[in-house]
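Novice: With the sequence up front, the predicted model follows.
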Amino acid sequence: NAGVTQTPKFRVLKTGQSMTLLCAQDMNHEYMYWYRQDPGMGLRLIHYSVGEGTTAKGEVPDGYNVSRLKKQNFLLGLESAAPSQTSVYFCASSYPPNEQFFGPGTRLTVL
Amino acid sequence: AQRVTQPEKLLSVFKGAPVELKCNYSYSGSPELFWYVQYSRQRLQLLLRHISRESIKGFTADLNKGETSFHLKKPFAQEEDSAMYYCALRGAGSYQLTFGKGTKLSVIP
């Protein structure tokens, strides 16, 4: 039982490049979330999903897209990376919507 | 709009001293409040939720609706308590957690 896993752990991008972050959970959770963590800002919700095939915007969705084609996976995409997207990205899942279980994080640097 | 405020970015205490991490919230209704902890280079994990009213690792937190606060307390700090602590709020019927900006607790040996 791996819980919530994230791929990759680290990534460096150049401005304008695209990438996809993968989040996977093996707890059969319905809800999944993507957050970004920035110094002095805490965690801010980017997008979330309440079930397979559904997604919704969170607090800071601009510049990101998401997909939930399978219940266990939640993908976060950056179509054209910007330096302002340098951050640590955390995925989380929950069922029911109480305690959220977090992944280990992905550290992204955009040059 | 809901908001969570953690007024201290950094809190330093000596080992064995009492600890209080402050959390104030703004929400027009009955929220659920949580404390999450992040040890160095580890993932966030749930420490406490107000509805369970339990003590984890010696920490307790009481929801004070009159003062809209959910302060985290521990009578005797340990070095292993050094971590980043986040207070979070979930509104009624909502899926989302709103996090505070976090307080870094440093326990001095």
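Specialist: Sure, I can see it.
Novice: what's the one helix or strand A:Val66 maps to in contact with?
Specialist: Following DSSP states H and E, one finds A:Val66 within strand A:65-67. Defining contact as C-beta atoms under 8 Å, 6 or more residues apart in numbering or on different chains, one finds that strand A:65-67 is touched by A:34, A:46-47, A:49, A:55, A:74-77, A:79. The C-beta positions use only the backbone N, C-alpha and C, and glycine is treated the same way.
Novice: Out of those, grab the one that's most surrounded.
Specialist: Ranked by the number of neighbours (other C-beta atoms under 10 Å in any protein chain shown), those place A:Phe74 first, at 31 neighbours.
Novice: helix or strand for that one, which one?
Specialist: Under the assignment here (DSSP H and E), A:Phe74 is part of strand A:73-78.
Novice: ok, back up a step: what are the pairing partners of the strand holding A:Val66, and which direction each?
Specialist: strand A:73-78 (antiparallel) (DSSP bridges).
Novice: before we move on, back to that, export the contacts of strand A:65-67 as a markdown table, with columns for distance to B:Glu32.
Specialist: A markdown table is the format used below for the contacts of strand A:65-67 (distance: C-beta to C-beta, whole Å):
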| residue | distance to B:Glu32 |
| --- | --- |
| A:Trp34 | 21 |
| A:Ile46 | 21 |
| A:His47 | 22 |
| A:Ser49 | 20 |
| A:Thr55 | 23 |
| A:Phe74 | 23 |
| A:Leu75 | 28 |
| A:Leu76 | 26 |
| A:Gly77 | 31 |
| A:Glu79 | 35 |
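Novice: which one of the residues you listed is nearest chain B?
Specialist: A:Ser49 (9.3 Å; C-beta to the nearest C-beta).
Novice: Phi, psi for the residue lying closest to the closest one once chain neighbours are set aside please.
Specialist: Among residues not flanking A:Ser49 along the chain, A:Arg68 sits closest, at 4.2 Å (C-beta to C-beta, 6 or more residues apart in numbering or on different chains). Dihedral angles of A:Arg68 (phi, psi; degrees, to the nearest 10) stand at phi -130, psi 70.
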